[in-house]
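Visitor: Give me a model of this one.
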Amino acid sequence: MSMHTASEIIRQLNEAKNLAFSSKETFPQVLRQILNFVNNPEPSIKLWCSTFLKDSFQSDESVLGNADKMDLAMDSLDSLIILSNEKHLEIFENVINSSIVIFKLVFKYVNENDGCDDVWAKLNQLKISLTSKFSTTFPLDSSDNEEHDRYRNLITKIQLIKFIVLVIDYQTKSDNDEHFNLNSVHPNHSLIKRQAIQAEAHGLLDNLLSVFEYDTLVTPLMNPLLFQLSLLVKRKSQFIPKILSCVEKFDTHEKLQSNYQTLDEFKLSRKYVDRLLRIFIGYVFKNRQLPSNLQQSLGQKLTILTERGDDVRRKNILAAVPQDANIKKKRFDGFINGSKTLKSLDYKNLYCLTNPADELNNFDLASLPQHTLISMTIAALNRVDPKKLNKALGIVAERYKYALSNSSLMDGTDNEKFEGDDDDNEGFYDSGSVYSLPPPKELSYQEKRDQINLIIQNFLRVSQMSTEELEDGSKDEGESQSDGVSSELTKIAIKHWQKGSWIVVLTRLATRGMNSNYESGSIDEEKNNELSDMIRNAIFDYFLENIHSRIDVIIEWLNEEWYSEVVNKELKLKNEIKTKILQDYEAGKVEDLDGEINKQFATLKENIDTPQYSKWSAKVLDSIIPFLESKDRKIFIRLLSDLPLLTDELVGRIKSLCLDPVRIKLGFLSLQYLIMYRPPVKQACLNILQDLSESDQDDLKEEATKLLTKYK
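Guide: Alright, predicted model coming up:
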């Protein structure tokens, strides 16, 4: 299918979506028609369908009635089963979110309507399709390293944790009937077999608890996992011994540092996970759900975790201490050089799986006796893991195929150039000829990346220097660069340096400096965006190194990001309007050209979006919120007050602070500040307070209700 056809279909689907969401009566008919497009081979159409299903089932009753939603949930099972096997990250995430709603609806329907075998079979098929993927890297392909796979695709794993806990909740008995559970199912139900689904639920719980047994810390999974386990502890007393036993044995100081973490990241992860465990155990003690045989051991563990937290707060966790020597790093089991392409056609590059820069690769094995080589080879083959050997051979095979299909590697002949003596050209000089400089050499994309990387390194180096050092000038201006990069780039561009000058230059380079007139969606524009993202990532990483002292840097950057994006899009919008109206003006349909342009521009500019700003501001909030403490309220509120634009999605991230017993005051203080001083997001804050006021936690409910009453 051509892109034109796909875009045309999506345009029509968007029209159908607008019709559905504007008319409650036509919604079911539209959704059933859209289900037919799930089998379309075009990925963009499948993605659109999955997003529509997610939005539909997460909508409230004002958009789609409960009775219609129940019927549509059953009609959508086949489509969700198909989409659940699509190797596309966003599609899979949408399927999980839809399935969380659909599983509840269909399970209750089957409970009330015994005999609907087909519906029950499809629900089980969808459930198995999703739960079986928790221990895999789906929808991504597995790599050659199990450790690496643990840190990939964490977004869908977090969503799967929610779905799996929902399945466990519905398929087991609860201590009370406040929520739907297996007690709600008739004992003699012909389809819902109690013993079988309870056994399945126990197996799913074991699968979740296996995260505690990893020899490394996968921190992003621990927060949602412990939160969901707290729900099971509250509702399912039969699971308490198993869950608390895993928590008791779990010790962050016995875990290994991952090869995909720096030492500082590992130390921060230990601090964060210890705090999560302390909150979880405190929650269990508070609700008096602790078995007598575990009270003493978990009490001791809580004391140890509290002492660790106090010790960390007294010290700088990122400072080097003698105890760092006791941290052990996990042995690397993958391949440093796992590339499946070849740079040059030789056996060294074909078989090299180690670091290409390692001097050991230059050792000539031909200098060793043959019997020694045979002994070494046999010994290595006896010790190697067969699975790892198969992966290594697979990489070599892919390189070989690449070499065969790449003609530039096969045609490695050098054309000899004629080298003559200048004296042989006597009399050839033409005095009438005019010499002109050749055009500048166009840099390749890789060369541009290298230059941008050098610029970033220089500016970050400059950020560590004092003003006095900068005024002395660069001492290395005359030195040549061994890597072939022009020495001019290493000079200081701004002679009269002031505090913050470097971030102004770097942020403007990422936004205005990389702005181009390339066609939207073109390869050139994508490459420019990648270069800009290199700078953005560098600024983001610089901020993460010390969020407390570098909050000004992030505010300066995000304000420039928003301003540049708005100005560029306003200019583009105005040009589009002018081009369109100019035709009507020339045809005599419009009398006041400027007036009509300004009128349409004033109407349409309100719809200008800022995807880059939204992406990076969300990333900043996601990175600092997990590590905020109560004492950080000033810098967090400063960030919220100085961001140029706050969307409902950004404000929604504050909710996690309110749900944290340790940081609940910080969360509510932030919401109160936004309600008082940022009116555009007042309604979003009130919606969060409304959700929190319906919580089953008394302290949370009380605080939310108080603020809701005051400001609503």
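Visitor: Please report how far residue 375 lies from residue 381.
Guide: To residue 381, residue 375 is 11 Å away according to Cβ to Cβ, to the nearest Å. Just so you know, the C-beta spots here come from the backbone N, C-alpha and C atoms, and that holds for glycine as well.
Visitor: Ok, residue 149 next?
Guide: Distance, residue 149 to residue 381, by Cβ to Cβ: 26 Å.
Visitor: These two - which one has more neighbours?
Guide: residue 149 (17 against 10; other Cβ atoms under 10 Å).
Visitor: ok, then the element right after the helix or strand containing that one?
Guide: In the assignment (DSSP states H and E), residue 149 maps to helix 146-150. Note on helix 146-150: by DSSP H and E, the next helix or strand toward the C-terminus is helix 154-170.
Visitor: Show me how the record splits this structure into domains.
Guide: Here the domain assignment for the chain is 1-131, 143-327, 347-361+369-409, 443-472+485-625, 628-712, based on automatic domain parsing.
Visitor: can you give me the helices in the stretch 501-650 of the chain?
Guide: Secondary structure of the stretch 501-650 of the chain (DSSP state H, counting those that start in this stretch): helices at 501-508, 523-545, 551-586, 593-604, 611-624, 633-642, 648-652.
Visitor: for those, which one sits closest to residue 225?
Guide: helix 611-624 (17.6 Å; Cβ to Cβ).
Visitor: tell me the mean pLDDT for the closest one?
Guide: Across helix 611-624, the average pLDDT comes to 92.
Visitor: for that helix, the distance to its chain's centre please.
Guide: 11 Å (Cα atoms, centre = their mean, to the nearest Å).
Visitor: what does the helix or strand where residue 199 lies rub up against?
Guide: Using DSSP H and E, residue 199 falls within helix 194-209. By Cβ atoms under 8 Å, 6 or more residues apart in numbering, the residues outside helix 194-209 that reach it are 131, 134-135, 161, 164-165, 167-168, 171-173, 182, 185, 187, 225, 228-229, 232, 239, 242-243, 246.
Visitor: ok, back up a step: just the buried positions in the helix holding residue 149, please.
Guide: 147, 148, 149, 150 (16 or more other Cβ atoms under 10 Å).
Visitor: Including distance to residue 337, could the domains of the chain go into JSON lines?
Guide: JSON lines is the format used below for those (distance: least, Cβ to Cβ, whole Å):
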{"stretch": "domain 1-131", "distance to residue 337": "26"}
{"stretch": "domain 143-327", "distance to residue 337": "11"}
{"stretch": "domain 347-361+369-409", "distance to residue 337": "5"}
{"stretch": "domain 443-472+485-625", "distance to residue 337": "18"}
{"stretch": "domain 628-712", "distance to residue 337": "39"}
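Visitor: mean pLDDT lowest for which of those domains?
Guide: domain 443-472+485-625 (a mean of 77).
Visitor: Can you name the element that comes right after the helix holding residue 199?
Guide: Next helix or strand after helix 194-209 toward the C-terminus (DSSP H and E): helix 219-235.
Visitor: Grab the nearest non-local neighbour of residue 629.
Guide: residue 663 (7.0 Å; Cβ to Cβ, 6 or more residues apart in numbering).
Visitor: wait, what's in contact with residue 558?
Guide: Counting by Cβ under 8 Å, 6+ apart, residue 558 touches 613, 616, 617, 620, 643, 644.
Visitor: go again using 10 Å as the cut-off
Guide: By Cβ atoms under 10 Å, 6 or more residues apart in numbering, the contact list for residue 558 reads 507, 539, 612, 613, 616, 617, 620, 639, 642, 643, 644, 645.
Visitor: Now that the fifth one has come up, it's in contact with residue 554, right?
Guide: Yes: taking Cβ atoms under 10 Å as the contact criterion, residue 616 and residue 554 are neighbours in contact, 9.2 Å apart.
Visitor: shared neighbours, the two?
Guide: 539, 540.
Visitor: now the most centrally placed residue in the chain: how far from residue 161?
Guide: The residue lying closest to the centre of the chain (Cα atoms, centre = their mean) is residue 155, at 6.5 Å. Residue 155 is 11 Å from residue 161, where distance means Cβ to Cβ.
Visitor: what do these two both touch?
Guide: With Cβ under 10 Å, 6+ apart as the test, residue 155 and residue 161 both reach residue 96.
Visitor: Quick one: neighbours of the nearest residue to residue 43 once chain neighbours are set aside, just the number.
Guide: Sequence neighbours aside, residue 88 is the residue nearest to residue 43 in space, at 6.1 Å (criterion: Cβ to Cβ, 6+ apart). When neighbours are counted by other Cβ under 10 Å, residue 88 registers 16.
Visitor: I'd say the residue nearest to residue 629 and residue 655 touch.
Guide: No: in this structure residue 663 lies outside contact range of residue 655 using Cβ under 10 Å: 11.6 Å.
Visitor: what touches both of these two?
Guide: What both residue 663 and residue 655 touch, as defined by Cβ under 10 Å, 6+ apart, is the set residue 625.
Visitor: Tell me which of the two has more neighbours.
Guide: In this view residue 663 and residue 655 are compared by other Cβ under 10 Å, and residue 663 has more residues nearby, 22 against 18.
Visitor: re earlier: C-alpha coordinates for the helix holding residue 149, CSV please?
Guide: Backbone C-alpha positions of helix 146-150 (Å, rounded to 0.1, in the frame of the first residue of the first chain) are rendered in CSV as follows:
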residue,chain,number,x,y,z
GLU,A,146,20.2,-11.3,29.0
GLU,A,147,21.3,-8.4,31.2
HIS,A,148,20.9,-5.9,28.5
ASP,A,149,17.4,-7.2,27.8
ARG,A,150,16.3,-6.5,31.4
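Visitor: distance between that helix and the chain's centre?
Guide: 16 Å.
Visitor: cool, and stretch 695-711?
Guide: With Cα atoms, centre = their mean, you get 32 Å for stretch 695-711.
Visitor: same deal with stretch 629-645?
Guide: 23 Å.
Visitor: before we move on, what about stretch 654-674?
Guide: Using Cα atoms, centre = their mean, the offset of stretch 654-674 from its chain centre is 23 Å.
Visitor: What are the buried residues along it?
Guide: Going by neighbour count (16+ other Cβ under 10 Å), the buried part of stretch 654-674 is 654-658, 660, 662-664, 666-674.
Visitor: ok, now stretch 53-69?
Guide: 53, 54, 55, 56, 57, 63, 64, 68, 69.
Visitor: again, but for stretch 343-358
Guide: 349, 352, 353.
Visitor: List just the nearest of the residues you listed to residue 23.
Guide: Closest to residue 23, out of all of the buried residues of stretch 343-358 and judged by Cβ to Cβ, is residue 353, at 60.2 Å.
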